[in-house]
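**Student:** below is the sequence, then the predicted model.
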Amino acid sequence: MRQLLLGFLAVASFSIPASADQGALAGVRHRVIVSTDIGGTDFDDFQSMVHVLLYADVLDLEGLISSPYGPGRKGHILSVIDHYATDFPKLRTWSDRYPTPEALRAITQQGETEVAPYCGYRQPTEGSAWIVQCARRDDPRPLHVLIWGGIEDLAQALHDAPDILPKLRVHFIGGPNKKWSPDAYHYLATHHRDLWIIESNSTYRGWFLGGDQAGDLAADAFVPAHATGRGALGDFFAHGIRFEERTRTALKMGDTPTVSWLLRGDPGLPFQPGWGGRYVRAWTRPYARFDRLTTSDDRLEIFGILELVLPLGDGAPSTPEAHMLIENQSLLGHLDGDGHVRFRFCAKDPKTYRYTIRSNAPALDGRSGELTTYLPSGEVAFAPDPALPHWWTDDPSPAVAEGPHHGARTVSQWREEFLHDFAARLERCRMATPESTFSPSHP
């Protein structure tokens, strides 16, 4: 009976006509900081940066922070702003609320460039200090922190200034980003449990999976149809983004749902529909600790944190070192001072993982293990964690999944609307507004 009720509620919640008529495009101005790994391990942050700059007239952008794992740096943000500067004279005819290129450069900061150590934070950065400074401004509105990459700068800011927590509204593109920031994430989930946060581990995939993929809305067709020839930003989007010695032209923009969430929808009500998806209260965040090497019989929910606590054993050198090699990661072990080394790992796919330990401690070197990760059932949404009163995550109902990606249909259902709106924004780079329709504050 419970399974029947669960299925009915999931289908009903998705099939009821949805509305997303609130948000920045309806005149609500949100304070926004973007933390991005642009130029780091993927190319789509460049696309999302073009997108957010084209909507900068309806948002109060207060910070653009480079927070990568990998080679991304502040200069990559500035390079996109340079293209914006070329298009700025035309954009300004559409709205006098577009910030000047100089104003955007002034709010661009360098954040953490390394993954956090075991404690979850390292030292203040320009980026973490900027989050603190913005959060402490005398403004009654909440500060939306959109995290497209590493979550280290947020963890550092809250460690340094826990008083800012009530002002923050965090939207974190987790999944692969959480994989690279397990210690910073674990610190937030255990030390700042009152944080208001959306943990989008799979919902964001609805921006590029599912929905209306026909005609000029297809990932490969959108760019030549709507970006090419649309000013400097459009041509950069179409031909100028290079990653791993390839030019990337297909539409992805996996981080953009954090922005579209503010454009159409009510960000104060995550359970209601909007362009950035719909979310449920988080159940207890999956975590498993083992004092031994694991086997394939050991199971952990996908996107959960695995912690291994392994003895260094006899014959360990005075300065032991150990790495856990798993997929494309080499995780540095933390020495706890009690004869053990600790590793944390976040799994982003439902499968069996295999790992090997490399160490100068003979008892550990070459040892290996496995771990099986799985998708949670829809029933977990019926048991929100009371210790995480403002933590939201992907809806696990099968009715709103795109394949294995929970919640993705709550974004993809809006694909036609948000892509047509984005295409109209790109047109602003090609030509000034006709004088007959010009209004200095036109949104």
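**Tutor:** Now that the structure is in, tell me what you want to look at.

**Student:** excluding covalently adjacent residues, which one is nearest to Glu112?
**Tutor:** Excluding its sequence neighbours, the residue lying closest to Glu112 (Cβ to Cβ, 6 or more residues apart in numbering) is Glu152, at 4.1 Å. Every C-beta, even on glycine, is put in place using the N, C-alpha and C of the backbone.

**Student:** ok, now how distant is that neighbour from His159?
**Tutor:** 10 Å (Cβ to Cβ, to the nearest Å).

**Student:** between the two, which contacts overlap?
**Tutor:** Tyr121 (Cβ atoms under 8 Å, 6 or more residues apart in numbering).

**Student:** pretty sure the residue nearest to Glu112 is touching Val115, no?
**Tutor:** Yes. Using Cβ atoms under 8 Å, Glu152 makes contact with Val115 at a distance of 6.9 Å.

**Student:** what touches both of those two?
**Tutor:** 181, 184.

**Student:** and these two? Which one has more around it.
**Tutor:** Glu152 (32 against 17; other Cβ atoms under 10 Å).

**Student:** okay, the more buried one and Ile357: tell me how far apart.
**Tutor:** Distance, Glu152 to Ile357, using Cβ to Cβ: 25 Å.

**Student:** can you show me the helices along this structure?
**Tutor:** Along the chain, counting by DSSP state H, helices occupy 2-15, 44-54, 74-94, 101-106, 126-135, 152-160, 176-180, 182-191, 219-226, 231-235, 257-263, 409-412, 415-427.

**Student:** now those as a markdown table including mean pLDDT and distance to His390?
**Tutor:** As requested, the helices of the chain are exported to a markdown table (pLDDT from 0 to 100; distance: least, Cβ to Cβ, whole Å):
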| stretch | mean pLDDT | distance to His390 |
| --- | --- | --- |
| helix 2-15 | 41 | 21 |
| helix 44-54 | 96 | 24 |
| helix 74-94 | 97 | 29 |
| helix 101-106 | 98 | 30 |
| helix 126-135 | 98 | 16 |
| helix 152-160 | 98 | 14 |
| helix 176-180 | 93 | 18 |
| helix 182-191 | 98 | 12 |
| helix 219-226 | 95 | 34 |
| helix 231-235 | 98 | 35 |
| helix 257-263 | 97 | 15 |
| helix 409-412 | 98 | 19 |
| helix 415-427 | 97 | 26 |
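
**Student:** neighbours of Thr93, just the number please.
**Tutor:** Counted with other Cβ under 10 Å, the neighbours of Thr93 add up to 17.

**Student:** which residues in the stretch 201-350 of the chain form strands?
**Tutor:** Listed in chain order, the strands of the stretch 201-350 of the chain (DSSP state E, counting those that start in this stretch) span residues 242-243, 246-247, 279-281, 287-290, 299-301, 305-311, 322-326, 329-332, 334-335, 340-346.

**Student:** okay, those strands in TSV with mean neighbour count and mean pLDDT next?
**Tutor:** As requested, the strands of the stretch 201-350 of the chain are exported to TSV (neighbours: other Cβ atoms under 10 Å; pLDDT from 0 to 100):
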stretch	mean neighbour count	mean pLDDT
strand 242-243	13	82
strand 246-247	10	84
strand 279-281	22	98
strand 287-290	14	98
strand 299-301	18	98
strand 305-311	20	98
strand 322-326	19	98
strand 329-332	14	96
strand 334-335	18	97
strand 340-346	21	98
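
**Student:** among the ones you listed, which is nearest Asp220?
**Tutor:** Nearest to Asp220 among these is strand 246-247; the distance by Cβ to Cβ comes to 13.1 Å.

**Student:** which strands and helices sit next to the closest one?
**Tutor:** Using 3 or more Cβ pairs under 8 Å, 6 or more residues apart in numbering; DSSP states H and E as the contact criterion, no helix or strand is in contact with strand 246-247.

**Student:** pop the domain breakdown of this protein in here.
**Tutor:** Here the domain parsing of the chain from automatic domain parsing is 21-284+380-437, 287-374.

**Student:** what's the burial count for the nearest residue to Ser67 once chain neighbours are set aside?
**Tutor:** Leaving aside its sequence neighbours, Ser67 sits nearest to Gly111 (Cβ to Cβ, 6+ apart; 3.8 Å). By the measure other Cβ under 10 Å, the count of residues near Gly111 is 29.

**Student:** wouldn't Gly111 be in contact with Leu154 here?
**Tutor:** No. With contact defined as Cβ under 8 Å, Gly111 does not reach Leu154; the gap is 9.4 Å.
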